[in-house]
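Peer 1: Just a sequence and a predicted model for now, questions to come.
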Amino acid sequence: MKAQIGQHFQSGVRGAAPVCPINMADKIDKGPQPMSLVSFVIPAWNEEPLIGRTLDVLFASAQQMGCPFEVVVADDASTDGTAGIARAKGARVVSLNRRQIAAARNAGAKAAHGGLLIFVDADTRVTPDVLRATLQAVRGGAVGGGCAVRFEGRVPRYARLLLPIFIWFYRVVGLAAGCFLFCTREAFDAAGGFDEGLYASEECALSWALKRQGRFVLLRESVLTSGRKLRTHSGWEILGVLLRLARRGRRAVRDRQDKEIWYATRRPDPEPD
């Protein structure tokens, strides 16, 4: 493991001082879960088309930060080349067979060694600016948080109009989007991790739980996530799913029923990112 961590360590950024959560004098070999080690956790199911690019961008961005890091991909029952691509790109892969996003994220977190956990979706690009702001927030005392989100590629007009409203709502309520959520290992463990009784909105539940552990922040910087779900499902389909979930109330997030957008066989993207 030390060799793998060392492979991804950069001593600094040309023209800028590295920013780490704590003093780098805390060596990474002093024991498990050092705060100076950043663990990126990526849940994945049949992400062969996008995970390679996601990892390329993530490694490039993380190497600019000047902190040791690792990337853990939690491969949840993929039947394509997801795991092979992740290993070839330098990630460590853990396997499970749950087909549940919360369980995949928890499995990745369990396998991770870092004191700072950053959960990233397999279709999401993370920029150096987002990582820099994340590390500065943790260094400033935040126990967790999220960031703004932009869609990549063409998305329907209604989505372009509604996205600013959703971003505003999440910021006012104080919730992290599922595609990018960070927290300290200590806060994650104290909060109980992602609730595996949930098949949706698990990131919202964890956001609330983390708030009880300390300061939870929402960064102004944005990640870029795929707009494929909005391209492969019509607005009426998405509205129908949301209405059915609303009708069932709280029990709606406790099973896979009416969650085909997240758990059904993925439709081909008519305009791949």
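Peer 2: Now that the structure is in, tell me what you want to look at. Numbers count the residues shown, from 1 in each chain.
Peer 1: residues touching residue 171, list them.
Peer 2: Applying C-beta atoms under 8 Å, 6 or more residues apart in numbering to residue 171 gives the contacts 148, 218. Using the backbone N, CA and C atoms, a C-beta is placed for each residue, glycine as well.
Peer 1: what's the average pLDDT for stretch 108-126?
Peer 2: For stretch 108-126, mean pLDDT is 97.
Peer 1: buried sites along stretch 53-61?
Peer 2: Residues 53-55, 57-59, 61 are the ones in stretch 53-61 that count as buried (16 or more other C-beta atoms under 10 Å).
Peer 1: likewise stretch 174-190?
Peer 2: 174-185, 187-188, 190.
Peer 1: Just the ones of these in strands?
Peer 2: Per DSSP state E, strands hold the following members of the buried residues of stretch 174-190: 180-184.
Peer 1: okay, these in JSON lines with distance to residue 110 next?
Peer 2: JSON lines is the format used below for those (distance: C-beta to C-beta, whole Å):
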{"residue": "180", "distance to residue 110": "20"}
{"residue": "181", "distance to residue 110": "16"}
{"residue": "182", "distance to residue 110": "17"}
{"residue": "183", "distance to residue 110": "14"}
{"residue": "184", "distance to residue 110": "16"}
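Peer 1: Kindly format the C-alpha coordinates of stretch 244-255 as PDB.
Peer 2: The C-alpha trace of stretch 244-255 is given here as PDB (Å, rounded to 0.1, in the frame of the first residue of the first chain):
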ATOM      1  CA  ARG A 244     -44.700   8.100  -7.500                       C
ATOM      2  CA  LEU A 245     -41.900   8.500  -4.900                       C
ATOM      3  CA  ALA A 246     -43.700  11.500  -3.400                       C
ATOM      4  CA  ARG A 247     -47.000   9.500  -3.200                       C
ATOM      5  CA  ARG A 248     -45.300   6.600  -1.300                       C
ATOM      6  CA  GLY A 249     -43.800   9.000   1.200                       C
ATOM      7  CA  ARG A 250     -40.800   8.100   3.400                       C
ATOM      8  CA  ARG A 251     -41.000   4.400   2.600                       C
ATOM      9  CA  ALA A 252     -40.300   5.200  -1.000                       C
ATOM     10  CA  VAL A 253     -36.500   5.500  -0.500                       C
ATOM     11  CA  ARG A 254     -36.400   2.100   1.300                       C
ATOM     12  CA  ASP A 255     -36.500  -0.100  -1.800                       C
END
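Peer 1: Return the distance of it from the chain's centre.
Peer 2: Distance of stretch 244-255 from its chain centroid, counting by C-alpha atoms, centre = their mean, to the nearest Å, is 24 Å.
Peer 1: again with stretch 57-64
Peer 2: Relative to the centre of its chain, stretch 57-64 is centred 15 Å away, using C-alpha atoms, centre = their mean.
Peer 1: so who does the residue nearest to residue 212 when sequence neighbours are not counted touch?
Peer 2: Using C-beta to C-beta, 6 or more residues apart in numbering and skipping the chain neighbours, the partner closest in space to residue 212 is residue 191 (7.2 Å). Listed by C-beta under 8 Å, 6+ apart, the contact set of residue 191 reads 183, 206, 209-210, 212-213.
Peer 1: could you redo the last one with a cut-off of 6 Å?
Peer 2: With contact taken as C-beta atoms under 6 Å, 6 or more residues apart in numbering, residue 191 is in contact with 209-210, 213.
Peer 1: Ok, residue 213 next?
Peer 2: Neighbours of residue 213 in contact, by C-beta under 6 Å, 6+ apart: 143, 187, 190-191.
Peer 1: Next one: the closest residue to residue 150 other than its chain neighbours from residue 97, what distance?
Peer 2: Counting by C-beta to C-beta, 6+ apart, residue 150 lies nearest to residue 222, which is 4.8 Å off, once chain neighbours are set aside. The gap separating residue 222 from residue 97 is 33 Å, by C-beta to C-beta, to the nearest Å.
Peer 1: who's more crowded, those two?
Peer 2: residue 222 (17 against 9; other C-beta atoms under 10 Å).
Peer 1: can you pull the buried residues of the strand or helix carrying that one?
Peer 2: Using DSSP states H and E, residue 222 sits within strand 216-226. For strand 216-226, the neighbour count (16+ other C-beta under 10 Å) marks 216-219, 221-226 as buried.
Peer 1: Please list the outside residues in contact with that strand.
Peer 2: 123-126, 129-130, 133, 137, 142, 144-150, 152, 171, 179-180, 210, 273.
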